[in-house]
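1. Sequence and predicted model, in that order:
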Amino acid sequence: MSTLTINGKTIQYPEGTLFGNIAHDYQKDFEDEILLVCFRHKLRELSKEVCGDGELEFVTMTETPGRNTYRRSLTMIMEAAANELYGGADAVSCAGDNPPAEVSANELCSGGNASSCVRVVVQHSLGEGYYCEFRRGHALVPADSGRILELKEKMRELISRDLPISKNNVSQEEAVLYFEQHGRTDKSRLLRYRRSSRVNIYELNGYRDYYYGYLTPSAGYCGCFDLVPYQNGFMLMFENLKTHRAAVFSPTDKLFGIMDESAAWGESMGVRTISDLNDVIADGRIQELILVQESFMEQKIGDIAEQIAGDLNKKIILIAGPSSSGKTTFSHRLSIQLAAHGLRPHPISLDDFYVNRENTPLDENGELDFECIEAIDVPLLNRCLAELLDGKEVTLPVFNFRTGHREYRNRPMRLCDGDVLVIEGIHGLNEKLTSRLPKENKFKIYISALTQLNIDSQNNLSTTDGRLIRRMVRDARTRNTTAQETIARWNSVRRGEEKNIFPFQEEADVMFNSALIYELAVLKCYAEPLLFSLDITSPQFEEAKRLLKILDYVLPVPGENIGHNSILREFMGGGCFGV
């Protein structure tokens with residue numbers, strides 16, 4: 001018998017009992033489905049057996065590991081459904097080499113060889129879902145509503161049958177051979193760079209694949225989803241934790257456009273997946289890729305500056321984006337480009353318009369909430385900016401963070417011809433921040449690190465993970481913050497972004513993607529030592545282990561050749577802007 005401690009109570013189960021059976025006994029105590037367990041400080045799939053004594057905790061959809069498990073499992077169900085519908089859907093690699101052409105929907109096949117069969121490719125994470133496309137080889141198959149409905153019904157059938165998702169541990173050589181034989185070179189090439197000698201292959205209804213984390217023991221755990229037509233493909237929508245129904249899709253065309261543009265650029269460079277990037281590094285071509293992307297990024301910043309300079313009414317440039325997007329470096333580089341176009345940019349920090357400390361609102365935990373818009377003296381900001389637009393002389397405040405009060409020690413400012421104000425802050429896109437100012441005088445920019453690199457054609461690389469790694473490296477360097485502390489605070493940071501930034505992103509006049517296709521390879525050298533420092537008993541250990549697994553697939557690149565004005569320098573250090 002195994003003695004388990006559950007919710008502070010001791011209970012015995014026969015040795016070899018499935019964790020899934022134990023979870024079933026306790027499911028009535030949870031509103032959300034139990035998808036994993038944590039046993040002896042380690043996450044375990046429900047298909048695993050109890051071995052020995054220890055403390056057991058249950059993991060549901062409300063926690064990040066459970067949510068990721070649900071998303072991976074639902075993705076596999078989608079791929080297995082496509083495999084049954086179109087025959088050999090796992091027989092073609094689609095991500096990587098060349099920009100896709102289009103083929104008509106009637107070219108979908110019902111069986112046969114790798115060159116003629118269609119499969120589903122996960123392209124981007126978008127809101128509460130994944131944007132997916134049908135591909136035949138490298139060619140895009142425009143998705144029609146009938147085809148999407150057919151796929152959705154097949155997924156529901158697999159879920160209603162509660163088919164098992166089995167796992168087989170095989171040698172790396174065997175896995176590589178299998179994926180090569182089935183034309184899945186995005187996976188076979190990636191596994192060649194992996195140091196582990198064993199690989200877990202999952203199987204559902206005859207479809208086999210490799211995933212980068214835990215899965216549910218069967219398809220029946222993933223009943224809540226939807227497929228929604230969008231652009232040339234469709235959205236795979238996940239469960240909304242508040243409604244316990246499939247999330248409602250709200251199109252974000254501007255965000256999609258910048259992500260699609262970045263993905264297309266990656267494809268044009270022959271780098272769409274991590275295995276593509278590793279090939280470039282192994283072939284000694286990484287410095288060329290770095291120079292090309294930095295040049296491309298400078299061109300994009302220059303285009304934004306040209307757009308601003310072309311409209312003499314634009315006097316107030318508002319820049320907003322989530323944590324670790326590179327807003328500070330972007331603001332400096334944009335200011336340089338604006339100066340090159342004959343303008344005189346003047347930076348203004350929203351931090352200087354904080355209300356006095358005693359007037360700062362409190363959050364739900366009774367702590368000072370510096371991220372809500374009420375922490376900003378909005379009337380004062382609007383009055384100062386409106387007077388500047390009217391040609392008046394204005395003395396702007398400076399916030400003293402030591403005393404918690406505003407002070408006035410700057411020289412008066414007056415806007416002249418060619419002067420523009422550059423304001424960076426999380427509320428920049430919220431119209432409430434500058435409601436008194438005419439829209440024709442404002443130019444709003446949304447910046448985020450929208451990772452264009454996928455792990456492979458079924459597994460996208462999370463934009464959130466990329467920003468978390470950036471922040472971890474930066475905070476360790478500038479604030480002496482441990483990786484454990486950064487990870488522990490990340491959920492709070494994300495809640496603030498979801499409240500104060502993401503709802504307003506489509507208000508932007510232009511969007512800028514600060515993600516660099518090579519950045520994981522550089523940041524790996526800085527992030528791995530920080531992540532390895534976490535103890536197995538730490539509540540953040542499993543998250544650190546997950547990030548280490550992602551980094552394990554990427555070959556390292558030394559950072560000394562990164563340009564001093566690169567956005568990446570904001571996080572790794574050594575930049576020319578003092579950040």
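-> Structure received.
2. For residue 421, grab the count of nearby residues.
-> By other CB atoms under 10 Å, the residues close to residue 421 number 21. Every residue, glycine included, has its C-beta placed from N, CA and C.
3. Kindly provide the whole-number mean pLDDT of the helix or strand containing it.
-> Element membership of residue 421 [criterion: DSSP states H and E] is strand 419-424. On average, the pLDDT along strand 419-424 is 95.
4. Just the C-alphas of the helix or strand that it is followed by, formatted as CSV.
-> For strand 419-424, the following helix or strand on the C-terminal side (DSSP H and E) is strand 442-448. Backbone C-alpha positions of strand 442-448 (Å, rounded to 0.1, in the frame of the first residue of the first chain) are rendered in CSV as follows:
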residue,chain,number,x,y,z
LYS,A,442,-2.3,61.5,-31.4
PHE,A,443,-0.4,58.5,-32.9
LYS,A,444,-0.7,55.3,-31.0
ILE,A,445,1.8,52.4,-31.2
TYR,A,446,1.4,48.9,-29.8
ILE,A,447,4.6,47.0,-29.3
SER,A,448,4.9,43.4,-28.2
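5. Buried residues, the helix or strand just after strand 442-448. List them.
-> Sequence order places helix 463-478 as the next helix or strand after strand 442-448, per DSSP H and E. Buried residues in helix 463-478, counting neighbours by 16 or more other CB atoms under 10 Å, are found at 463-476.
6. With stretch 432-441 instead?
-> 433, 434, 437, 441.
7. of the residues you listed, closest to residue 76?
-> residue 433 (43.1 Å; CB to CB).
8. Verify the contact between the closest one and residue 427 for me.
-> Yes: the pair residue 433 / residue 427 is scored as a contact, 4.6 Å apart, by CB atoms under 8 Å.
9. Need the overlap of contacts for the two.
-> Counting by CB atoms under 8 Å, 6 or more residues apart in numbering, the common neighbours of residue 433 and residue 427 are 373, 376.
10. if you skip the residues just before and after it, what's nearest to the most centrally placed residue in the chain?
-> Per CA atoms, centre = their mean, the C-alpha nearest to the average position across the chain is that of residue 463, at 1.8 Å. Nearest residue to residue 463, sequence neighbours excluded (CB to CB, 6 or more residues apart in numbering): residue 451, at 4.8 Å.
11. now swap in residue 360 and tell me
-> residue 368 (4.8 Å).
12. what's the burial count for the one you found?
-> Residues near residue 368, counting by other CB under 10 Å: 13.
13. how far does the lowest-mean-pLDDT helix or strand in the chain sit from the chain's center?
-> Counting by mean pLDDT, DSSP states H and E, the weakest-scoring helix or strand in the chain turns out to be strand 139-141, with a mean of 84. Relative to its chain's centre, strand 139-141 lies at 25 Å (CA atoms, centre = their mean, to the nearest Å).
14. Quick one: name whatever helix or strand follows that strand.
-> Taking DSSP H and E, what comes next after strand 139-141 is helix 145-160.
15. and the residue lying closest to residue 32 once chain neighbours are set aside, what does it touch?
-> In this structure, residue 32 finds its nearest non-sequential neighbour in residue 60, 4.0 Å apart by CB to CB, 6+ apart. Listed by CB under 8 Å, 6+ apart, the contact set of residue 60 reads 30, 32, 33, 34, 35, 66.
16. What values do phi and psi take at residue 60?
-> phi -110, psi -180 (degrees, to the nearest 10).
17. which residues does it bridge with?
-> residue 34 (DSSP bridges).
18. Can you give me the pLDDT of it?
-> Note for residue 60: predicted pLDDT of 96.
19. All set, thanks.
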